[in-house]
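[1] kindly generate the corresponding structure for this input.
(2 chains)
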There are 2 protein chains.
Amino acid sequence: MKLATLKDGSRDGQLIIVARDLKTAVIATGIAPTLQDVLDSWDFMQPQCEDLYVQLNQGRAPYSFDFDPKNCMAPLPRAYQFVDGSAWLDYVELIARSRNNELPELFHSQPLLHQAASDDFIGPCDPVQISNEDWEIDFESEIAVITGDIGMGAAPDAAREQIRLIMLANDVSLRALIADDMIKGFGFMQSKPATSFSPVAVTPDELGEAWTKGKVALPLRTSVNGKLIAHPDAGRDMTFNFPQLIAALAKTRNLRAGSIIGSGAVFNRDANKGCSSLYGIRALEQLGGGDVTTPYLKFGDRVKIEMLDAQGKSIFGAIDQTVEQSS
Amino acid sequence: MKLATLKDGSRDGQLIIVARDLKTAVIATGIAPTLQDVLDSWDFMQPQCEDLYVQLNQGRAPYSFDFDPKNCMAPLPRAYQFVDGSAWLDYVELIARSRNNELPELFHSQPLLHQAASDDFIGPCDPVQISNEDWEIDFESEIAVITGDIGMGAAPDAAREQIRLIMLANDVSLRALIADDMIKGFGFMQSKPATSFSPVAVTPDELGEAWTKGKVALPLRTSVNGKLIAHPDAGRDMTFNFPQLIAALAKTRNLRAGSIIGSGAVFNRDANKGCSSLYGIRALEQLGGGDVTTPYLKFGDRVKIEMLDAQGKSIFGAIDQTVEQSS
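    Numbering: from 1, shown residues only, chains lettered A, B, ... in the order given. Okay, here's the model as predicted:
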């Protein structure tokens, strides 16, 4: 099942069901007004949404219309929780090496997670608004999952059962502001502005065999200004899978329905696949001994993040957005 | 105006208006079902709530009932954002000194803020559930504000205008888990379980002259097992006031209605007033050259956090909760 949220002038938008081929959609009339409502009562509402999804895919859903990602908000325009991980330890190590640091031993046994802002997400085709180009504007291309309720102390197997939906994310980062945030030691604050998500969130079954071992085993494609600069396989080299990330998070507290857990920048040891952030690409340039030539994003630059299935069809629709100066 | 949220079996509870003396309350029938709804449409709904509040205080509100904090959830049982500050630099310095650290210069110009979990808050009289006593269970007694929408780049004066409500918080902390979180450098994750809030959230005008310069100039009283152990003045020695905390947070992003900003542990340079965390009290003992004798919380211990007005009357009702072993 594929779900999205239409812009309707409200804070939470209008829940729609989107056809598997992303060509048509239908308002979930009579089921629930918002995606959070569905997550709050998943067992009751998911089968109703699924029935409508089947009708839509068969061309039998009344009042269906053409699906246009430009009219979408993030699937959850605001959420009660967003925790972003750094699940590819090779990526963390790449960054550390570029700064002449070593990874603490702890990083191999406990996943890196940070509590991120969740009150104001950016739609997939809406601009990323930043007030200052000198803040070294970057993307991070990620996978994210949305969970149901998860009790304190849940094991990874229990956590896996509560992964309701999967989507893509652009964890926008301001590299010039990270140093000050790190000195403070309280996590990312000013260096992580609002995050963007793909037009569509899908249930794990939509991925077929690509959803395996709590990972999404398909390349995550990132282009800047039309040029493909990264396509690492999100199923490869992931040190901690989603159930493990969630279980670490649930060690001392409950997670409530609608919690979003991000993977961190997708990265493969085979660096020919590029890197899902400019920061990582610049680290590769530096460690390769050459000049660091890849610039950070400028106003007007366009970032596209997408994942295609084995047949080359877009699964989640694309995050496709420009960077703009905020007014 | 005083607002609270009744337990009704739903995730967001039932909004009620509470009388100034905390003795009676009335359901906000016909206005809005939840506090988040009021915050989402504040300009429209606040006057309606205010009218009902006036009626209630005059004993004219139909269907009013006795107010019992035990039936309350947190005013916002879940929120789209909770950012907790450390606004008393003397407190931060106390902790740093107890570890033989010095404060980075940056701490004097930029407030410490960390993004905290907001999906599952604890009601004022509900137990704090922790699975392991060895995690060094602690409270932090704080003031917190709830904001309206605040645009990216807002100055402190603009931020102040958007402070809708004020309440008390118990930022429960697990001291034994903080070291690992700090090594990771991504902020507090496992060391900060769910936070509790006072029964009632009040509009700033309820504080009269005690709401001054973006601070709450009254003592914040904390008792453990009936013994008063801290009563520092929350208006004194606060390095960054609430408008400054909010403006720092809004530097690179919008804040949306219903964002909660916490002050961090209230502390006065005059250490005779005690300290709003056991960690701080233990640091005072250590630096005083004596034995560190104050223990962390054990299962069964009871923490009460309250603020009284100049006439000795409770403003927010009390956070009054026991620590329990989670099942």
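[2] is stretch A:304-323 anywhere near chain B?
    No: using CB under 8 Å from any CB of the partner chain, stretch A:304-323 stays clear of chain B, with a minimum separation of 13.2 Å. The C-beta positions use only the backbone N, C-alpha and C, and glycine is treated the same way.
[3] show me how far that stretch is from its chain's centre.
    Centroid separation for stretch A:304-323 versus its chain: 12 Å, with CA atoms, centre = their mean, to the nearest Å.
[4] between the two ends of it, how far is it?
    With CA to CA, to the nearest Å as the measure, stretch A:304-323 spans 11 Å from end to end.
[5] now that stretch: average pLDDT?
    When pLDDT is averaged over stretch A:304-323, the result is 98.
[6] please confirm that residue A:166 is located within a strand.
    Yes: according to DSSP: H, G, I helix; E, B strand; the rest coil, the state of residue A:166 is that of a strand.
[7] got the CA positions of the helix or strand where residue A:228 lies in PDB?
    Per DSSP states H and E, residue A:228 falls inside strand A:227-230. Extracted as PDB, the C-alpha positions of strand A:227-230 are listed here (Å, rounded to 0.1, in the frame of the first residue of the first chain):
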ATOM      1  CA  LYS A 227      23.900  14.700 -12.400                       C
ATOM      2  CA  LEU A 228      23.800  11.300 -10.600                       C
ATOM      3  CA  ILE A 229      26.400  11.600  -7.800                       C
ATOM      4  CA  ALA A 230      25.500   8.600  -5.600                       C
END
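[8] what about the helix or strand that that strand is followed by and chain B, any contact?
    Using DSSP H and E, the next helix or strand after strand A:227-230 towards the C-terminus is helix A:242-249. Yes: with CB under 8 Å from any CB as the measure, helix A:242-249 is seen reaching chain B through A:248, A:249.
[9] chain center to helix A:242-249, what's the gap?
    16 Å.
[10] partners of the helix or strand following that helix in the sheet?
    Note on helix A:242-249: by DSSP H and E, the next helix or strand toward the C-terminus is strand A:259-262. Paired neighbours of strand A:259-262 in the sheet (DSSP bridges): strand A:81-85 (parallel), strand A:141-147 (antiparallel).
[11] what separates the helix or strand following strand A:259-262 from the chain centre, distance-wise?
    Using DSSP H and E, the next helix or strand after strand A:259-262 towards the C-terminus is helix A:278-287. Averaging C-alpha positions (CA atoms, centre = their mean) puts helix A:278-287 22 Å from its chain's average.
[12] got it, and stretch A:141-154?
    Stretch A:141-154 has its C-alpha centroid displaced from the chain centroid by 12 Å (CA atoms, centre = their mean).
[13] that one spans what distance, first to last residue?
    In stretch A:141-154, first residue to last residue: 28 Å (CA to CA).
[14] buried residues in that stretch, which are they?
    In terms of neighbour count (16 or more other CB atoms under 10 Å in any protein chain shown), stretch A:141-154 has its buried residues at A:141-150, A:152-154.
[15] redo the residues you listed as TSV? Include pLDDT.
    Shown next, in TSV, are the buried residues of stretch A:141-154 (pLDDT from 0 to 100):
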residue	pLDDT
A:141	98
A:142	98
A:143	98
A:144	98
A:145	98
A:146	98
A:147	98
A:148	98
A:149	98
A:150	98
A:152	97
A:153	97
A:154	98
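[16] quick one: which of the residues you listed is nearest to residue A:279?
    residue A:141 (11.9 Å; CB to CB).
[17] ok, what's across the strand from that closest one?
    residue A:170.
[18] ok, it touching residue A:223?
    No: if you go by CB atoms under 8 Å, residue A:141 and residue A:223 don't touch, sitting 10.0 Å apart.
[19] pick out the residue of chain A closest to chain B.
    Nearest residue of chain A to chain B: residue A:187, at 2.3 Å (CB to the nearest CB).
[20] list the contacts for the closest residue to residue A:62 other than its chain neighbours?
    Residue nearest to residue A:62 in three dimensions, not counting chain neighbours: residue A:26, with 7.8 Å by CB to CB, 6 or more residues apart in numbering or on different chains. Shown in contact with residue A:26 (CB atoms under 8 Å, 6 or more residues apart in numbering or on different chains): A:16, A:17, A:52, A:55, A:56, A:61, A:62, A:63, A:64, A:65.
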